[in-house]
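Engineer: based on what follows, work out the 3D shape:
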Amino acid sequence: MSENEENEPRGRARLPDGVLVRAVRLSDAEEITDLINLPGYRAGTLRPPYQRVEEVRKHMENPSPGALNLVVTQNGKIVGNGGLNRLSGRRQHVASIGMGVHDDFTGRGFGRILLGAMVDAADDWLDIKRLELTVYTDNDVAIGLYRKFGFEREGLLRAFGFRSGEYVDAYTMARLRL
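Structural biologist: Numbers count the residues shown, from 1 in each chain. Below is the predicted model:
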């Protein structure tokens, strides 16, 4: 069995040669910092510009309980990252997700691979019934990807975030495993 076959989400298409999905490592801090500071990546998040490696590393060292933090790599280079954070108490059946792809690697299927790995983990390993997320209303590519995985729009969050000098709206989307 190849390294790629061992890391393929069950029931998903075979990963292309050189592509790997794996857990985040502390040694990834600098590369992830470079990724999240890219203008296109950052535009889809709530992150401020100019993140420091030390801030990212500190966040990586103290993950939320029950968090699953992944990267997708191509030939060893991190081209995307995502996180699944399980909620607690009476919402322990729920997890929120967030993800992003390197500006130079969008449109090549890395988002699909990463989201597929998180959905697979939620469904087949973590017994998550509800996955939820927020996405800016102008992010048509991400909205389309989420819909392909069964996410449905549930609401509109007006003036959700401040980006590029203006307030922008976001949708809440969720996927229920019945």
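
Engineer: quick check: longest helix of this structure.
Structural biologist: helix 110-124 (DSSP state H).

Engineer: okay, buried residues for it please.
Structural biologist: Judged by neighbour count (16 or more other Cβ atoms under 10 Å), helix 110-124 contains these buried residues: 110-123. Using the backbone N, CA and C atoms, a C-beta is placed for each residue, glycine as well.

Engineer: and the next helix or strand past that helix?
Structural biologist: Next helix or strand after helix 110-124 toward the C-terminus (DSSP states H and E): strand 130-136.

Engineer: what element comes up after that following strand heading to the C-terminus?
Structural biologist: helix 140-148.

Engineer: secondary structure class for the most centrally placed residue in the chain?
Structural biologist: Residue closest to the average C-alpha location in the chain (Cα atoms, centre = their mean): Met99, at 2.0 Å. For Met99, the assignment made with DSSP: H, G, I helix; E, B strand; the rest coil gives strand.

Engineer: could you give the bridge partners of it?
Structural biologist: As for beta bridges, Met99 partners with Gly82 under DSSP bridges.

Engineer: what sits up against stretch 15-35?
Structural biologist: 3-4, 7-9, 41, 51-53, 56-57, 60-61, 68-75, 77-78, 80-81, 100, 102, 109-110, 113-114, 117 (Cβ atoms under 8 Å, 6 or more residues apart in numbering).

Engineer: Glu132: which of the buried residues of helix 110-124 is nearest?
Structural biologist: Using Cβ to Cβ, Ala122 is the member of these that sits closest to Glu132, with 10.9 Å.

Engineer: OK, contacts around that closest one?
Structural biologist: By Cβ under 8 Å, 6+ apart, the contact list for Ala122 reads 84, 95, 128, 131, 177.

Engineer: mind redoing it with 10 Å?
Structural biologist: Neighbouring residues of Ala122 by Cβ atoms under 10 Å, 6 or more residues apart in numbering: 68, 84, 86, 94-95, 97, 128-131, 175, 177.

Engineer: how about Glu152?
Structural biologist: 146, 171-176.

Engineer: of the residues you listed, which is the most crowded?
Structural biologist: Per-residue neighbour counts (other Cβ atoms under 10 Å) across the contacts of Glu152 peak at Tyr146, which has 24 neighbours.

Engineer: distance-wise, check Ala121 relative to Arg177.
Structural biologist: Here Ala121 is placed at a distance of 12 Å from Arg177 (Cβ to Cβ, to the nearest Å).

Engineer: alright, calling it a day.
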